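> Here is my input, please return the structure:
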Amino acid sequence: MAIVLGALTGALGFLPLLLSLRLARRSTSTEALTIGMYGLAGVCVSFIILVVALVACGITAKASVLPFAVSETVVFLSATIVFVVYKNLLAKRRAPRE
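Model (predicted):
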């Protein structure tokens, strides 16, 4: 059960990063600071979600902290890596060239 909850928390922790990227792309500002603040906010919210869930697991079920933390970390990093690879490599190959 701890592995499943950790995986769900890892996926939930990735959502603020995805949302901040979409907000940065839709921003009409051309200043790098504005776009950077969206990214920083996404990272901070993701970090808060992951840490709060890990602390809650540590308080409620100390024996399950390790499987929870490992599954949380693996899912979060995997989602981030897949997203970055997709956006930077695979999506550019499909785009029509002018």
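> Can you read off the pLDDT for Ala24?
What the model reports for Ala24 is a pLDDT of 80.
> next one: the one 5 residues further on
Per-residue confidence for Ser29 comes out at a pLDDT of 70.
> which phi and psi does it have?
With angles defined as degrees, to the nearest 10, Ser29 sits at phi -80, psi 140.
> List the contacts of it.
Listed by CB atoms under 8 Å, 6 or more residues apart in numbering, the contact set of Ser29 reads Ile35. C-beta: built from backbone N, CA, C; applies to glycine.
> Compute the number of surrounding residues for Leu5.
18 (other CB atoms under 10 Å).
> Check which helix or strand it maps to.
Assigned by DSSP states H and E, Leu5 belongs to helix 2-26.
> buried ones in that helix?
Buried positions in helix 2-26, judged by neighbour count with 16 or more other CB atoms under 10 Å: 2, 5-7, 9-10, 12-14, 16-17, 20-21, 24.
> Same question for stretch 54-74.
Leu54, Cys57, Ser64, Val65, Pro67, Phe68, Ala69, Ser71, Glu72.
> mind listing what the third one touches?
Contacts here follow CB under 8 Å, 6+ apart; on that basis Ser64 touches Met1, Ala2, Cys57.
> Regarding the last one, what is its secondary structure?
In three-state terms, and counting by DSSP: H, G, I helix; E, B strand; the rest coil, Cys57 is helix.
> Would you check that it makes contact with Leu8?
No - the criterion here is CB atoms under 8 Å, and Cys57 misses it with Leu8 at 11.8 Å.
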